[in-house]
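>>> Next one to model:
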Amino acid sequence: MAWNREPGGSMNESDVERVQVSCRIRNRLYRDGVLAGTDLPVEELAEHRSDERALIWLDLLAPSVSDIVALSPLIGGEVELHPLAVEGAISGRQRPRLVRFRDHSLLHARAVRFDPSTEVLAATGLSVFILARALIAIRADDEFPLEPILADWDDNPDLATYGVGFLLHTVLDTMVDGYFTAIDQLDDQIQALEDDLLVGAGPKNAVQLRSFTLRKAVAQLGRAVLPMNEAFSALLRQGAHVLETEMVPYYQDVYDHALRATERIDGLRDTIESILATHLAMQGNSLNEIMKKLTAWAAIIAIPTGVTGYFGQNIPFPGFGQQSGFWFSAAMIVVLASGLWWNFRRRNWL
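Numbers count the residues shown, from 1 in each chain. Next comes the predicted model:
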C-alpha cells in the first residue's frame, strides 16, 4: 500500500493529477473554523493537506482498496494509513470498536434501520479514519444518509473551530439517533404483538413466528449498539486522538444516549422473552382444556359402551329376551350419560 512520494515524504503534483477513484465522493473543507468549500475536486483538497489551519472531511461510498490508497496521501498529509486499518475498513465485517494507531485512529460502527413492514433490521457498515486534521468516512452503502449530518454542521458553525472532534461528534450523534428510531419502531411492533397475544387475534403460530423474527432483530440491534459503549469510552479516555476538551461534554452526551439505548434494548429483549413465555403458557392451558374435554366425552361415551356390553351378555338377566329389556337399557344409557354430562358441565369441563 505505497504511493509515489518525493524525498522527504511529500507528494508531487504529477501524483495529484494522476489520482483516479471509482467511488462516489463527498467532501468539505474548513479553514480557520469557517466552511471554505463543498464537494471540491480531489486535486484542490490536496493543496490544503499540509495547511495547519485546514480541516478536511471526506466521505467515500463503497470504495475499493485502490481508492483509499490513492486518496489517503492527499488528505492525510504525512500520515500513512496502517495497512491493517485499510483492510479492516474495506472488509466491512468488523465489530464496532475503536482501534488506535500511532498517528491516527479507526472507528468501526454500524448504522441501523428497521423496516416495520417486513420486521427486518438492516445495518450499514461505517468505518471512520480519525486524523489530526481530516476525517475519512467510509460507508458500505448509501442507506445511511448524509443530509442530517451536513445540516447539523451548518446549524452549528461555531463548533467547527474544534476540528475533527466536531465533525466526528455529529456523525456519531446522527448514528445514535438512528438507534433510537429503530428501537422505537421495534417497541411499537412488540407492543402490537403483545396486544395480538392477549386478544387472540390471528393464527396461534403467527405470534410465535413474529416473536422469533422480532427477537432476531433485537439481537442484531444489540450487536450494533452494545460494543459502541466501549468505543465511546475509549474516545473519552485521556490521550484520545483529536478530542478537544471543549468537545468532551458533547461526547459524554452521546455516550449517555448510547447507554440509554442499551438499557432499552435489554427491556425489549425481556419483553419478547415474556411474550414467548406467556404464549407457551397459554398454549399449555389450551391443551389442558382440550384434554379435559376429550376426557369428559370419553367418559360419556364409555357409559353406552358399558351398558350395551352388560345387556349383550349371553346369560339371563332382568328383561332378557323381552322388549322391556331394550327400553330399560336405552333409558339407562340416556340417564347416566345425561347425568355425567351435567356433572362435567357444572365443573366447566364442557
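>>> going forward, measure contacts between C-alpha atoms and count neighbours the same way
Noted.
>>> Point to the helix or strand of this structure where mean pLDDT is at its lowest.
helix 13-18 (a mean of 46; mean pLDDT, DSSP states H and E).
>>> And the next helix or strand past the strand or helix carrying Ser233?
Element membership for Ser233, per DSSP states H and E: helix 204-236. Per DSSP H and E, the first helix or strand lying C-terminal to helix 204-236 is helix 248-311.
>>> which strands and helices sit next to that following helix?
Applying 3 or more C-alpha pairs under 8 Å, 6 or more residues apart in numbering; DSSP states H and E, we find helix 248-311 packed against helix 164-199, helix 204-236, helix 323-346.
>>> Out of these, which gets nearest to Thr262?
helix 204-236 (6.1 Å; C-alpha to C-alpha).
>>> State the mean pLDDT of the closest one.
On average, the pLDDT along helix 204-236 is 90.
>>> From the contact counts, what lies against the helix holding Ser233?
Under the contact criterion of 3+ C-alpha pairs under 8 Å, 6+ apart, helix 204-236 touches strand 97-100, strand 105-115, strand 120-130, helix 164-199, helix 248-311.
>>> and stretch 194-201, which residues are buried?
Neighbour counts using 16 or more other C-alpha atoms under 10 Å place Glu194, Asp196, Leu197 of stretch 194-201 among the buried residues.
>>> where does the stretch 151-300 of the chain have low pLDDT?
Residue ranges of the stretch 151-300 of the chain with pLDDT under 70: 201-204, 238-242.
>>> in the helix holding Ser233, what's buried?
In terms of neighbour count (16+ other C-alpha under 10 Å), helix 204-236 has its buried residues at 207-208, 210-211, 213-222, 224-229, 231-232, 234-236.
>>> got the angle for that helix vs strand 105-115?
With axes from the mean of the first three to the mean of the last three C-alpha atoms, to 10 degrees applied, the angle from helix 204-236 to strand 105-115 works out at 160 degrees.
>>> distance between helix 204-236 and the chain's centre?
5 Å (C-alpha atoms, centre = their mean, to the nearest Å).
>>> now do stretch 343-350
Put simply, stretch 343-350 sits 49 Å off its chain's centre (C-alpha atoms, centre = their mean).
>>> ok, now which ones touch the residue nearest the centre of the chain?
The residue lying closest to the centre of the chain (C-alpha atoms, centre = their mean) is Leu221, at 2.3 Å. Contact analysis of Leu221 by C-alpha atoms under 8 Å, 6 or more residues apart in numbering lists Val112, Leu121, Tyr179, Ile265.
>>> Over to Val128?
Val128 neighbours (C-alpha under 8 Å, 6+ apart): Ala89, Leu106, Leu107, His108, Leu135, Ile136, Ala137, Ile138.
>>> Name the SS class of the closest residue to it other than its chain neighbours, please.
Nearest residue to Val128, sequence neighbours excluded (C-alpha to C-alpha, 6 or more residues apart in numbering): Ala137, at 4.4 Å. What DSSP: H, G, I helix; E, B strand; the rest coil gives for Ala137 is strand.
>>> Give me the residues contacting stretch 49-69.
Stretch 49-69 is contacted by residues 1-3, 20-33, 45, 48, 74-77, 86-87, 90, 133-142, 163-164, 167 when judged by C-alpha under 8 Å, 6+ apart.
>>> Could I get the phi/psi values of His48?
Here is the backbone geometry of His48 (degrees, to the nearest 10): phi -100, psi 10.
>>> Could you check the pLDDT of it?
His48 carries a pLDDT score of 82 in this model.
>>> Any figure for the gap between it and Leu40?
Distance, His48 to Leu40, using C-alpha to C-alpha, to the nearest Å: 11 Å.
>>> try Leu55
Taking C-alpha to C-alpha, one finds Leu55 at 13 Å from Leu40.
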